[in-house]
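sequence and predicted structure below; questions after.
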Amino acid sequence: MPFTAERVPNEPIVVFTYTGVLDLPLFQQALDMNAKFIAEVGGPIYIIVDVRNMQTNFMDMLRIMQETQQQRPGAATDPNIKQLFFVGGDALVRMFQDNITRKNLPMHLAMFPSVEDAVESARVQAKISANQAQAIPAATPPTPPPASESGTTPTKPTA
């Protein structure tokens with residue numbers, strides 16, 4: 001298979017390593033794996049994509065950019081994908097990154113020279129996100145106002 005996908009043990013971080021040609025069917029398999037990892041983690045994930053040994057062409061990259069914007073689990077529109085970290089990348093990968101940024105999709109993108117640097121950054125981002133989630137109290141429904149403030153008058157019991 002032209003890619004591998006591994007979850008960093010006990011962390012919401014997944015590393016995809018591409019070797020060979022990336023086309024739309026292969027990319028669709030990767031999106032399916034994203035959804036699998038989201039289900040496994042039980043929430044948001046951070047994806048590292050090592051593209052240093054990947055090849056693709058302009059037409060396949062256009063198809064991939066269209067596919068990633070579809071409303072489907074594991075795609076760029078999935079709010080459970082918090083950040084995408086690229087390792088390496090040529091002009092087509094930068095075109096993909098620019099396209100995602102311009103579309104204002106919910107995930108963030110970053111580029112790194114090594115997988116190790118990307119994993120460390122993902123750990124930091126995951127920790128920040130977890131701390132923010134703990135700092136925000138759970139929403140509680142508002143309590144209704146007493147009857148006298150709600151515009152109705154309480155009724156008196158009749159004898």
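Arrived safely.

output the lowest mean pLDDT helix or strand found in this protein.
Least confident helix or strand, the chain: helix 91-102 with a mean of 71, by mean pLDDT, DSSP states H and E.

what does that helix contact?
Contacts to helix 91-102, defined as C-beta atoms under 8 Å, 6 or more residues apart in numbering, come from residues 51, 56-58, 61, 64-65, 68, 76, 84, 86, 89, 107, 109, 111. Heads up, the C-betas are built off the backbone N, CA and C, glycines and all.

kindly export it (C-alpha atoms) in CSV.
Extracted C-alpha coordinates of helix 91-102, given in CSV (Å, rounded to 0.1, in the frame of the first residue of the first chain):
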residue,chain,number,x,y,z
ALA,A,91,4.3,23.0,-5.0
LEU,A,92,1.2,20.8,-5.3
VAL,A,93,1.1,20.2,-1.5
ARG,A,94,1.4,24.0,-1.0
MET,A,95,-1.4,24.5,-3.5
PHE,A,96,-3.5,22.1,-1.4
GLN,A,97,-2.6,24.0,1.8
ASP,A,98,-3.5,27.3,0.2
ASN,A,99,-6.8,26.0,-1.1
ILE,A,100,-7.8,24.7,2.4
THR,A,101,-6.8,28.0,4.0
ARG,A,102,-8.8,30.1,1.5
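
enumerate the positions of that helix that are buried.
Across helix 91-102, burial judged by 16 or more other C-beta atoms under 10 Å covers 92-93, 96-97, 99-100.

where in this structure is pLDDT low?
1, 90, 100-107, 136-159 (pLDDT under 70).

cutoff 50 now
Scanning the chain for pLDDT under 50 picks out the ranges 149-150.

quick one: the helices in it?
Ranges of helices in the chain, per DSSP state H, are 24-41, 58-68, 91-102, 115-135.

so which of the ones you listed comes closest to residue 17?
Of all the helices of the chain, it is helix 115-135 that lies closest to residue 17, at 7.8 Å by C-beta to C-beta.
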